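Visitor: Take this sequence and fold it.
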Amino acid sequence: MANFVDHIGKVLPDDIIKKLDELAEKEDSPLSKTIYKTMKDNQKLAKELNRPSCQDTGVLQFWVKCGTNFPLIGELEPLLKEAVVKATFQAPLRHNSVETFDEYNTGKNVGKGTPTVFWDIVPDSDECEIYAYMAGGGCTLPGKAMVLMPGAGYEGVTKFVLDVMTSYGLNACPPLLVGVGVATSVETAALLSKKALMRPLGSHNDNERAAYMEELLEKGINDIGLGPQGMGGKYSVMGVHIENTARHPSAIGVAVNVGCWSHRRGHIIFDKDLNYKITTHTGGNFIMVEVKDGKKIYNTCISRRFS
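Guide: Numbering: from 1, shown residues only. From the prediction side, this is the model:
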């Protein structure tokens with residue numbers, strides 16, 4: 001798993017690469033095209049030189065959708081922490097875990113509550129999906145959430161999202177992937193806005209009205225004219241994803257989380273025998289899973305994919 005974390009810090013997901021190429025083609029100003037060319041050159045060099053594609057390798061966050069019958073369900077959190085420590089020195093990753101109040105950097109990207117692990121438990125399943133994400137300090141970590149009064153309606157949700165985009169969208173290294181959570185409280189909306197960033201580009205909310213709002217927000221944010229790196233252009237976002245739940249009648253919780261153009265996420269699915277498939281990146285049999293059995297540690301190289 002450390003090798004997978006290492007890899008996503010150096011190679012962007014397939015859908016992000018495709019979208020950046022598409023936006024570069026659509027822009028017509030020389031400055032915008034130069035910026036997109038620089039982005040592409042940066043990615044090429046990161047892969048060739050085996051270096052992280054951005055100096056801020058973020059705080060590692062994992063969204064785990066794990067079946068109750070997956071054999072390593074009780075050991076996943078310590079295994080993920082070990083993977084982060086190993087990747088920190090192997091990649092290498094910048095040291096981004098500072099203990100609050102004591103104010104010292106742990107030097108290994110692991111601390112109290114880091115890496116962050118979000119859980120979804122799936123009954124009667126023996127598979128485990130893991131979304132790995134490098135949450136950068138300038139883009140996804142400064143998210144924003146609040147609870148609106150019901151009278152604000154979805155116009156209020158729209159205003160909130162656009163206000164956030166105009167206030168800090170420039171600093172988040174556009175073009176952005178914008179995650180929006182609509183729920184019943186700040187914490188539920190915030191979590192949904194983060195999960196929205198894990199969805200593949202081009203996907204839409206299952207609710208027709210929410211999907212339509214995704215389209216409207218994408219157009220509205222593009223019309224702000226941030227452009228690549230905030231230097232102006234026709235396109236400010238790679239996409240807008242909304243995730244939603246039911247709400248209390250007297251409140252609408254809304255949150256915004258964004259991913260920068262270097263949206264470093266990875267998605268891997270393990271079956272009960274630890275065969276795997278990767279949906280975000282093509283190529284490479286490189287995953288190493290560390291399995292603990294008592295005091296012994298076995299390093300099992302997984303070389304088989306399942307379909």
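Visitor: Where does the residue lying closest to residue 8 once chain neighbours are set aside sit: helix, strand or coil?
Guide: Once flanking residues are discounted, residue 8 sits nearest to residue 266: 3.9 Å by C-beta to C-beta, 6 or more residues apart in numbering. Placement of C-beta: from N, CA and C, glycine included. Counting by DSSP: H, G, I helix; E, B strand; the rest coil, the backbone at residue 266 sits in strand.
Visitor: how about the helices of the stretch 101-250 of the chain, start to end?
Guide: For the stretch 101-250 of the chain, helices defined by DSSP state H, counting those that start in this stretch occupy the ranges 153-168, 186-196, 208-224.
Visitor: With respect to residue 13, which of those helices lies nearest?
Guide: The closest of these to residue 13 is helix 186-196. By C-beta to C-beta, the value is 15.1 Å.
Visitor: what's the angle from the closest one to helix 153-168?
Guide: Using axes from the mean of the first three to the mean of the last three C-alpha atoms, to 10 degrees, the inter-axis angle of helix 186-196 relative to helix 153-168 is 70 degrees.
Visitor: which residues of this protein score low on pLDDT?
Guide: Per-residue confidence for the chain (pLDDT under 70) gives these ranges: 284-307.
Visitor: Please state the backbone phi and psi of residue 55?
Guide: With angles defined as degrees, to the nearest 10, residue 55 sits at phi -70, psi -30.
Visitor: which non-adjacent residue is nearest it?
Guide: Once flanking residues are discounted, residue 55 sits nearest to residue 94: 6.4 Å by C-beta to C-beta, 6+ apart.
Visitor: Could you look up the SS state of that neighbour?
Guide: Following three-state DSSP, the label given to residue 94 is coil.
Visitor: I'd assumed residue 54 was in contact with it.
Guide: No: using C-beta atoms under 8 Å, residue 94 is not in contact with residue 54, being 9.1 Å away.
Visitor: neighbour-wise, which of these two wins?
Guide: Applying other C-beta atoms under 10 Å to residue 94 and residue 54 shows that residue 54 carries more neighbours, namely 21 against 17.
Visitor: hang on, the earlier thing: for burial, what's the neighbour tally of the residue nearest to residue 8?
Guide: Using other C-beta under 10 Å, residue 266 has 23 neighbouring residues.
Visitor: Against residue 4, how distant is it?
Guide: According to C-beta to C-beta, to the nearest Å, residue 266 and residue 4 sit 6 Å apart.
Visitor: repeat for residue 100
Guide: Note on residue 100: its distance to residue 4, by C-beta to C-beta, is 28 Å.
Visitor: neighbour count winner among those two?
Guide: Remark: of residue 100 and residue 4, residue 4 carries more neighbours, 23 against 8, as counted by other C-beta under 10 Å.
Visitor: Now the element after the longest helix anywhere in the chain, going C-ward?
Guide: If you go by DSSP state H, the chain has its longest helix at helix 30-49. Heading C-terminal from helix 30-49, the first helix or strand you meet, by DSSP states H and E, is strand 59-67.
Visitor: Paired strands for that following strand, with orientation please.
Guide: With DSSP bridges as the test, strand 59-67 is paired with strand 116-122 (parallel), strand 128-135 (antiparallel).
Visitor: Identify whichever of those strands lies nearest to residue 210.
Guide: So among the strands paired with strand 59-67, strand 116-122 is nearest, using C-beta to C-beta, at 19.6 Å.
Visitor: what comes into contact with that closest one?
Guide: By C-beta atoms under 8 Å, 6 or more residues apart in numbering, the list of residues contacting strand 116-122 from outside reads 59-68, 76-77, 80, 135, 191, 194-195.
Visitor: Buried subset of the residues you listed, written for ChimeraX?
Guide: Here is the ChimeraX selection string for the buried members of the contacts of strand 116-122, based on 16 or more other C-beta atoms under 10 Å:
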select :59,60,61,62,63,64,65,66,67,76,80,135,191,194,195
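Visitor: Tell me who's in contact with residue 243.
Guide: Neighbour list for residue 243: 179-182, 192-193, 195-196, 199, 205 [criterion: C-beta under 8 Å, 6+ apart].
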